[in-house]
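**Student:** model this:
(4 chains)
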2 protein chains.
Amino acid sequence: MTRIANTLGVSAATVSNALSGKGRVSAELTDRIRSIAAELGYVPSQAGRALRTGRSGVIGLVLPDISNPLFPQIAQAIEFAASSAGYGVLIADSRGDIAIQTRAIERLIERGVDGMVIVPRRGTRIADVGCPVAVVDTPSTPGNTVAADHWDGGRQIADHLVRLGHRHLLIIGNNPASNVQNDRVGGLRSALREDVCAETLWIERLEEVNGKGCSLGLAAKVAEGVTAFAAVSDLHALRALTELQRAGIHVPEQASVTGFDDLIWSPVVTPALTTVRMDMARIAAIAVEALVQAIGAEEPEHSSVGAPVSAPVSKVPMQLVVRQSTATPPTTATPPFVTQGEQP
Amino acid sequence: MTRIANTLGVSAATVSNALSGKGRVSAELTDRIRSIAAELGYVPSQAGRALRTGRSGVIGLVLPDISNPLFPQIAQAIEFAASSAGYGVLIADSRGDIAIQTRAIERLIERGVDGMVIVPRRGTRIADVGCPVAVVDTPSTPGNTVAADHWDGGRQIADHLVRLGHRHLLIIGNNPASNVQNDRVGGLRSALREDVCAETLWIERLEEVNGKGCSLGLAAKVAEGVTAFAAVSDLHALRALTELQRAGIHVPEQASVTGFDDLIWSPVVTPALTTVRMDMARIAAIAVEALVQAIGAEEPEHSSVGAPVSAPVSKVPMQLVVRQSTATPPTTATPPFVTQGEQP
DNA sequence: ATCGGATGATTAATCGATTAAGCAGCGGTA
DNA sequence: TACCGCTGCTTAATCGATTAATCATCCGAT
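**Tutor:** Below is the predicted model of the structure:
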């Protein structure tokens, strides 16, 4: 504010220099300016600064569908990483629609974001936007900046189940068009030995035929010999768990169930879900760091304009969380029912 | 951009007038300016505009804890309402901590938001911030701007259960310090007739003693005669449902379970949860509208500065969603088990 | 005594859009 | 003919912060 300058009888430039510590200002005057600024409750106008510097200090967060249950984790992590780096986060929801996504990106640019973090919808390719972009999808996606190692997460789950003795799995996915889900399924399958049999069930396909919220027919699968259900998301794991329970099948004594993502309900359902967790904090930190760096390096107006951040592709490991929904498969006959099934 | 002005050999002011339709500009020139603007891919700088007009076109969304499973709905609805009104949404997470919440609000102000929507943490009173604020909590909270009619939602659930014939309820809440939860419980109790017995279980209290994720002891409650469990959130309903199923109690034949909020998993678990839904779209629309109006009316620098929006307190009705988790209570003896329990 | 250099502060231009005020033509009326 | 009023556009100031360029001192060294 010029008010600070007037109050002290100095020029606005001096105030700016004092507060930013850039120019040459005597220590004594700097102190006085600081105290007056505090006293007057001075808040620098981002608008003025943005206008002059060309940097708004805001990044956009583009999400495929906010209603995704994983979203809270993502948003929270990105918001934390961004605000630690001094950036604000502007959200944009594409509601699953590509046209809306494009429009949302445009609006973010109009708002003057310095860059954006995009979590693309099911393998959407992000067209060249006019600013630095960090893509969080899955390591196998071209152009991806950073993501959890979904493939290895799948491997860990499969490994866990095989070690417990399971030989007949049902993998439950939602939609094979999702890069993330495909990687998870790929990882699961990769860790199966030759003597392990695994089928895959895609929920959306089933629902196209039988309607939304239809039965997954899991009890029949158990009858066929399946002893473990590995879902590609905790949401589907939950669906599987309750369907099995409802059919009178005891989890984990008669069948094990695993999920992905460690969503909010995983620890509190009974039995608590064995799942695999992403380190969203780290993913967000890396994404934001890459973005901030790209924003900083954007200066040279020439060179490849608006190129996506081509930081070294980072995989962040996932962490297996073993809880009560997995156990040794039943031996031929149904084992005696134990009320509090614990992990061996 | 001045580039448009130069390209056509007119002044920047004319371009501004033409695009905003304010001043006096000939129709023909306006057209030419429009087309050149489109051709050059002109995007008005929000920074410049904000600096001049003092309006950033951005509102802040302050949330108690993004990891709340209800958050996606809120964020999506607010984002939609705001962007329909031409505003961007800057998010701020208070991570459940009041100090961080205060700091987050400060940061939003530094970023120059025109106003903010605050979903306060458990009845936190929002101190006087220096800009228009819309509070979304519950109608009984002083200073609340708009919210779902949680109380009536509770009434609807209780009414539904009583009509089915339940006479012994267990109400499951998390923390009695929450205004929202208290209203829901209050509504539930209000609709109970004199011959209906209801206890209340607060999860956080129980967990302080028995540790996180502990058993709620619901099977024992069933043995005591409870036939319906009314949770104050779908998350707790889910916890109750799985605990009951795990204990071999059939829902809804032996016990009914209800939730609140219609969260993402409610329709897909088995049995699908009977719950009550908020009209977040409407709540968000009202909140944003009130905010926008307050922002517009803020001009007169004098008068009550930065007073919270004191729009007429609005209650938005909640909608009962009856699914499969509620049914007539068992008659004295355990009824025959039916695999597909449907609503009568 | 004078000049070079360091120090501490000021001037002024700039970012991009908005907007009040001003100016030039043109047509119509008294 | 002279003046009013309208139209269409330009001038210029402004918002708040940043920053290169400039200026005024004062000190030490030659």
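**Student:** number of residues surrounding the nearest residue to A:R24 once chain neighbours are set aside?
**Tutor:** Setting aside the residues directly before and after it, A:R24 is nearest to A:N17 in space (Cβ to Cβ, 6 or more residues apart in numbering or on different chains), at 7.4 Å. From N, CA and C alone the C-beta is placed, and that goes for glycine too. When counting by other Cβ atoms under 10 Å in any protein chain shown, one arrives at 18 neighbours for A:N17.
**Student:** and what of A:G9?
**Tutor:** As a burial measure, the neighbour count of A:G9 was computed by other Cβ under 10 Å and equals 6.
**Student:** distance of A:A220 from A:A247?
**Tutor:** When distance is defined by Cβ to Cβ, to the nearest Å, A:A220 is 9 Å away from A:A247.
**Student:** between those two, which one's more packed in?
**Tutor:** For the pair A:A220 and A:A247, the greater number of neighbours falls to A:A247 (16 against 11), based on other Cβ under 10 Å.
**Student:** isn't the more buried one right up against A:G217?
**Tutor:** No - under the criterion of Cβ atoms under 8 Å, A:A247 makes no contact with A:G217, lying 9.9 Å away.
**Student:** ramachandran coordinates for A:G88?
**Tutor:** Dihedral pair for A:G88: phi -100, psi 160, per degrees, to the nearest 10.
**Student:** how about the contacts made by the residue nearest to it when sequence neighbours are not counted?
**Tutor:** The shortest distance from A:G88 to any residue other than its chain neighbours is 4.4 Å, reached at A:V58 (Cβ to Cβ, 6+ apart). Contacts were defined as Cβ atoms under 8 Å, 6 or more residues apart in numbering or on different chains; by that measure A:V58 touches A:87-90, A:111-114, B:90, B:111.
**Student:** just A:G154 next, same as before
**Tutor:** A:183-191.
**Student:** most surrounded residue in those residues?
**Tutor:** Per-residue neighbour counts (other Cβ under 10 Å) across the contacts of A:G154 peak at A:R184, which has 30 neighbours.
**Student:** so which of the contacts of A:V58 comes closest to DNA strand C?
**Tutor:** Checking those against DNA strand C by Cβ to the nearest atom of the strand gives A:G112 as the nearest, at 9.7 Å.
**Student:** skipping adjacent residues, who's closest to the closest one in space?
**Tutor:** A:S56 (4.3 Å).
**Student:** for that neighbour, list the residues it contacts.
**Tutor:** Listed by Cβ under 8 Å, 6+ apart, the contact set of A:S56 reads A:46, A:50, A:111-114, B:46-47.
**Student:** distance to A:A75 and neighbour count added to the residues you listed, as a markdown table?
**Tutor:** Conversion of the contacts of A:S56 to a markdown table gives the following (distance: Cβ to Cβ, whole Å; neighbours: other Cβ atoms under 10 Å in any protein chain shown):
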| residue | distance to A:A75 | neighbour count |
| --- | --- | --- |
| A:Q46 | 22 | 23 |
| A:A50 | 24 | 24 |
| A:R111 | 18 | 22 |
| A:G112 | 21 | 27 |
| A:V113 | 16 | 28 |
| A:D114 | 18 | 22 |
| B:Q46 | 22 | 22 |
| B:A47 | 25 | 23 |
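**Student:** which ones among the contacts of A:V58 map onto strands?
**Tutor:** Counting by DSSP state E, the members of the contacts of A:V58 that fall within strands are A:88-90, B:90.
**Student:** most neighbours of all those, which one?
**Tutor:** Of all the ones in strands among the contacts of A:V58, A:G88 has the most neighbours under the rule other Cβ under 10 Å, reaching 27 neighbours.
**Student:** how close does that residue get to A:S45?
**Tutor:** Look at A:G88 and A:S45: by Cβ to Cβ, they are 14 Å apart.
**Student:** helices of the stretch 101-250 of chain A, start to end?
**Tutor:** Secondary structure of the stretch 101-250 of chain A, counting by DSSP state H, counting those that start in this stretch: helices at A:150-164, A:179-190, A:203-210, A:218-224, A:234-246.
**Student:** highest average neighbour count across the ones you listed?
**Tutor:** helix A:234-246 (a mean of 25; mean count of other Cβ atoms under 10 Å in any protein chain shown).
**Student:** quick one, it and helix B:234-246 angle?
**Tutor:** Computed by axes from the mean of the first three to the mean of the last three Cα atoms, to 10 degrees, the angle separating helix A:234-246 from helix B:234-246 equals 30 degrees.
**Student:** quick check: angle from helix A:234-246 to helix A:203-210?
**Tutor:** Orientation of helix A:234-246 against helix A:203-210 (the same axes, to 10 degrees) gives an angle of 60 degrees.
**Student:** and the following helix or strand past helix A:234-246, what does it pack against?
**Tutor:** Proceeding C-terminally, helix A:234-246 gives way to strand A:256-258 as the next helix or strand, assigned by DSSP states H and E. When contacts are defined as 3 or more Cβ pairs under 8 Å, 6 or more residues apart in numbering or on different chains; DSSP states H and E, strand A:256-258 packs onto helix A:150-164, strand A:228-231, helix A:234-246.
**Student:** do you know how far the residue lying closest to A:M278 once chain neighbours are set aside is from DNA strand C?
**Tutor:** Distances taken as Cβ to Cβ, 6+ apart place A:A148 nearest to A:M278, at 3.9 Å, with adjacent residues excluded. Between A:A148 and DNA strand C the distance, using Cβ to the nearest atom of the strand, to the nearest Å, works out to 39 Å.
**Student:** verify the contact between A:A148 and A:R282 for me.
**Tutor:** No - assessed by Cβ under 8 Å, A:A148 is found out of contact with A:R282, at 9.0 Å.
**Student:** overlap in contacts, these two.
**Tutor:** Between them, A:A148 and A:R282 have A:V316 as joint contacts when contacts are counted by Cβ under 8 Å, 6+ apart.
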